[in-house]
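In: Next comes the sequence, and after it the predicted model I'd like to discuss.
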Amino acid sequence: MRETSAMAEAVVLRRERARRARLLWRRLTKDRLSLAAGGAIVAIMLAALAAPWLAPYDPDATSASDALQRVSLRHWMGTDVYGRDLLSRVIHAARVDLLVALTATAVALTWGAFLGAVAGYRGGWMDQLVMRLVDTIMAFPAFILTMGITATLGNSTLNVVVAIAITHVPIYARLLRGEMLKAREMEYAEAARTVGNRPARIVFFHLLPNCVPPLIVQATLAMGFAILTVAALSFIGLGIQPPQSEWGYMTAEGAGYIVSGEWWLFLFPGVAIMVTVLAFNLIGDALRDVLDPRMRGVR
């Protein structure tokens, strides 16, 4: 009887996931703002992937005669103080910023989900150990901690990824722990234990798939924060270093020329950051509206 009830509950859960997927698609296609945000993300990712073929010039090619050229048909976004084409550098910088943000988010999601799942399911001393570790990390302001890690380890691309991932792990750990505490009391979890499944199989094959929706929403929103963090670190000299093109570093380079009238040096990298972060935030809000039952009917 219990196994039959668990099977029926599993069928209901599958139907609910399919219904949410259809609802998400309708939401994204009906809401012009969400549709535009999704289109912007796809366009930025495609531009980043096709950067070697899409960029009109070599992003690192300098030319003293072309230094500080204004926006023109030859240089659509102008040139910088070294004569490098700004459009080419913005396109190539998208590869760096998106790769760092995506990698850091994936690493943080993986470790945070693992720690949260173990803590939520096992409870006891394991839960206390994981949560105290999470509390220790969260006791530091996230950006200050990221600065400290990169300053200590060195400001290479790998270290920037590690620093951002460490500060984001507690978010996913806390979120999944709360979801796991609810999921482990469900009938299908009890049925899985009754038939003799090992704890690891119960957690990762039965419970974790039903806790994924909140993680997807958080990961989408975290992409925007990760891009902002990369740009901020590079702006203050602790992030991606030249000769790599990076939006934050390009913004820092252009900040000193605003007063003298070279506005394009600061504007276009800043707009790239703003559009990308805004697009991820809008998609995250749309996903939350669909996947969070408490948000249904609000809009």
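Out: Okay, I see it. Residues are numbered from 1 along each chain as shown.

In: what about the spatially most central residue of the chain, distance to Gly237?
Out: Most central in the chain under CA atoms, centre = their mean is Met223, positioned 1.8 Å from the mean C-alpha point. Distance, Met223 to Gly237, by CB to CB, to the nearest Å: 24 Å. The C-beta positions use only the backbone N, C-alpha and C, and glycine is treated the same way.

In: Can you list phi and psi of His75 for me?
Out: phi -120, psi 100 (degrees, to the nearest 10).

In: just checking, it touches Arg89?
Out: No: using CB atoms under 8 Å, His75 is not in contact with Arg89, being 10.9 Å away.

In: Looking at the two, which one has more neighbours?
Out: Between His75 and Arg89, counted using other CB atoms under 10 Å, the more crowded position is Arg89 (27 against 20).

In: for the more buried one, what are its contacts?
Out: Contacts of Arg89 were listed using CB atoms under 8 Å, 6 or more residues apart in numbering, and they are Pro59, Asp80, Ser245, Met250.

In: and the first one, how many residues sit next to it?
Out: This means Pro59. 20.

In: all strands for this protein, in order.
Out: Counting by DSSP state E, the chain forms no strands at all.

In: residue ranges for the helices of it, please.
Out: Assigned by DSSP state H, the helices in the chain fall at 2-30, 32-49, 51-54, 86-122, 124-138, 142-153, 157-183, 187-194, 199-201, 212-235, 247-255, 264-291.

In: So Ala142 versus Ala226, what's the distance?
Out: 11 Å.

In: Identify the contacts common to these two.
Out: His168.

In: Which one's more surrounded, these two?
Out: Neighbours of Ala142 and Ala226, each counted by other CB under 10 Å, are more numerous for Ala226; the result is 28 against 18.

In: who touches the more buried one in this structure?
Out: Contacts of Ala226 (CB under 8 Å, 6+ apart): Val100, Ala101, Leu102, Ala104, Thr105, Ile164, His168.

In: out of these, who's nearest Gly256?
Out: The nearest member of these to Gly256, counting by CB to CB, is Val100 at 24.5 Å.

In: so how many other residues sit close to Val259?
Out: Counted with other CB under 10 Å, Val259 comes out at 7.

In: Correction: the previous question concerned Gln218.
Out: So Gln218, with other CB under 10 Å, has 22 neighbours.

In: Gly112 is in contact with Ile166, isn't it?
Out: No: Gly112 is beyond contact range of Ile166, at 10.3 Å (criterion: CB under 8 Å).

In: higher neighbour count, these two?
Out: Set Gly112 next to Ile166 and count neighbours by other CB under 10 Å: Gly112 wins out with 26 against 18.

In: List the contacts of that one.
Out: With CB under 8 Å, 6+ apart, Gly112 has these contacts: His168, Val169, Pro170, Ile171, Tyr172, Ala173, Leu175, Leu176.

In: and the gap between it and Val134?
Out: The spacing between Gly112 and Val134, counted by CB to CB, is 9 Å.

In: between these two, what contacts are shared?
Out: Val169, Pro170, Ala173.

In: Among the residues you listed, name the buried ones.
Out: Val169, Pro170, Ala173 (16 or more other CB atoms under 10 Å).

In: Looking at the residues you listed, which one is closest to Phe268?
Out: For those, with Phe268 as the reference and CB to CB as the criterion, the closest is Val169, at 33.3 Å.

In: Count the neighbours of Ile44 for me.
Out: Neighbour tally, Ile44, other CB under 10 Å: 19.

In: quick one: contacts for it?
Out: Contacts of Ile44 (CB under 8 Å, 6+ apart): Ala94, Leu98, Val275, Thr276, Ala279.

In: will you turn those into CSV that also has distance to Met138?
Out: Shown next, in CSV, are the contacts of Ile44 (distance: CB to CB, whole Å):
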residue, distance to Met138
Ala94, 31
Leu98, 26
Val275, 30
Thr276, 26
Ala279, 27
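
In: Please tabulate those in a markdown table, including the columns pLDDT, neighbour count and distance to Leu267.
Out: Compiled in a markdown table, the contacts of Ile44 are given as follows (pLDDT from 0 to 100; neighbours: other CB atoms under 10 Å; distance: CB to CB, whole Å):
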| residue | pLDDT | neighbour count | distance to Leu267 |
| --- | --- | --- | --- |
| Ala94 | 92 | 23 | 16 |
| Leu98 | 93 | 21 | 20 |
| Val275 | 94 | 15 | 12 |
| Thr276 | 94 | 24 | 15 |
| Ala279 | 92 | 23 | 18 |
